[in-house]
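Trainee: Quick one, what's the 3D model for this:
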Amino acid sequence: MSLWWFQTWRREETTTLLSRIMTLNDFAPLDFKKEGIVIDYKTAGVDIEAGRDFVSQIKKKIPTIGGFNGMFKVPRGYEEPILVSGTDGVGTKINIATVARDYTTIGIDLVAMCVNDVITCGAKPLYFLDYISTNKIDDKLPEIIEGIVKGCEMAGMELLGGETAEHSRQREYDLAGFCTGIVEQSEIIDGKLIKPGDQVIGIESSGLHSNGYSMVNYLLTRHKLKYSESPELLTPTTIYASVVEDLLKDFPILGMSHITGGGIPENLPRCLPEGLDVKVDYTSWERPEIFNLIQHEGNVDEEEMKRVFNLGIGYCLVVPSEVAVDLELRIFGHGLKSWTIGEVVLQ
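Mentor: Here you go, the predicted structure:
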């Protein structure tokens with residue numbers, strides 16, 4: 001409203017209107033005693049009762065949570081056990097869950113992004129912790145927890161605890177996860193045995209996984225993408241823990257890489273010794289159509305696509321050439337496609 005409009009009002013009417021506007025403004029000064037307002041934590045944005053009820057709901061599924069900490073007994077059978085930890089989030093993929101009004105799978109993404117990192121050294125996942133930040137406790141939070149529980153089951157580990165925080169100034173959810181695994185020190189996979197001629201096996205992704213969504217959200221706001229026409233945008237990230245655990249029993253895995261933000265160019269070299277590189281053939285696997293759609297609608301350069309998205313490869317293994325075929329057959333037995341996508345070369 002402009003100033004000239006206010007000047008047409010009587011002085012007392014204008015004062016009353018301004019007073020009401022200021023009362024509705026969270027940042028306006030108030031005399032609580034004069035107004036007869038008694039402040040409690042709920043008024044400030046934190047509902048203690050709702051938080052307590054939420055924890056009670058979770059305890060029905062996971063009775064061990066609710067204390068000040070979570071405990072986990074180190075498994076027997078290790079001579080020199082090494083604990084391996086990782087943390088990650090789901091980034092702006094949470095916005096897609098909001099658009100879809102479906103939060104049942106975003107928890108799987110959270111677990112996957114953490115556990116897929118931890119297993120790259122050969123570690124077996126043990127337990128998981130989560131952190132959820134929200135504007136208020138609502139009926140969507142149980143859906144998020146449902147996904148986290150399912151993700152932990154898929155990864156073969158326990159949900160040991162977590163934290164849910166109400167931030168009244170916050171608009172969207174934010175999720176963070178923390179995963180711990182274990183590996184025998186002598187069996188750590190660090191890439192040091194990789195040599196020229198070794199083959200890179202790429203295991204298919206389920207789609208975008210949880211990376212590149214800043215570009216996806218930008219295209220959504222520009223009406224170049226529609227969730228209703230591309231529901232695969234919410235497909236959860238593949239959890240590779242079970243297939244990797246199986247492969248480690250029978251195959252000489254020399255290096256592994258989780259393909260996340262930065263794509264293959266940024267992530268695959270992280271498992272290579274200094275002085276080596278990989279020659280990747282980007283035509284050797286089937287690129288899911290969603291990536292072609294994003295590239296077309298956003299007019300995205302091919303090199304930019306490679307360094308933002310996984311392009312259909314979610315996890316890579318470096319192995320001696322003589323086991324590549326048998327390895328792919330074993331992966332197929334887990335219901336996943338894989339391809340020989342590259343070869344290790346000298347830089």
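Trainee: And residue 176, how close does it get to residue 128?
Mentor: From residue 176 across to residue 128, the span is 11 Å (CB to CB, to the nearest Å). Using the backbone N, CA and C atoms, a C-beta is placed for each residue, glycine as well.
Trainee: More neighbours: the two, which one.
Mentor: When residue 176 is set against residue 128 and neighbours are counted by other CB atoms under 10 Å, the residue ahead is residue 128, at 26 against 18.
Trainee: other SSEs contacting the host helix or strand of the more buried one?
Mentor: Secondary-structure element containing residue 128, defined by DSSP states H and E: strand 124-134. In terms of contact count using 3 or more CB pairs under 8 Å, 6 or more residues apart in numbering; DSSP states H and E, strand 124-134 is assigned the packing partners helix 106-118, helix 141-155, strand 158-166, strand 174-184, helix 241-250.
Trainee: repeat that for 6 Å
Mentor: For strand 124-134, the packing partners by 3 or more CB pairs under 6 Å, 6 or more residues apart in numbering; DSSP states H and E come out as helix 141-155, strand 158-166, strand 174-184.
Trainee: packing partners for the longest one?
Mentor: Spelled out, that is helix 141-155. On a contact count with 3+ CB pairs under 6 Å, 6+ apart, helix 141-155 meets helix 106-118, strand 124-134.
Trainee: got a list of contacts for the longest one?
Mentor: Read that as helix 106-118. By CB atoms under 6 Å, 6 or more residues apart in numbering, the list of residues contacting helix 106-118 from outside reads 84, 86, 88, 90, 97, 125, 144, 147-148, 150-152, 155, 175, 177, 179, 181, 210, 236-237, 239-241, 258.
Trainee: Helices of this structure, residue ranges please.
Mentor: Using DSSP state H, the helices of the chain run over residues 3-6, 11-24, 32-35, 41-44, 48-61, 94-100, 106-118, 141-155, 213-221, 241-250, 263-267, 289-298, 302-308, 324-332.
Trainee: who's in contact with the fifth one?
Mentor: Just to be clear, that refers to helix 48-61. Contacts made with helix 48-61 from outside it, assessed by CB under 6 Å, 6+ apart, are listed as 41, 66, 137, 145.
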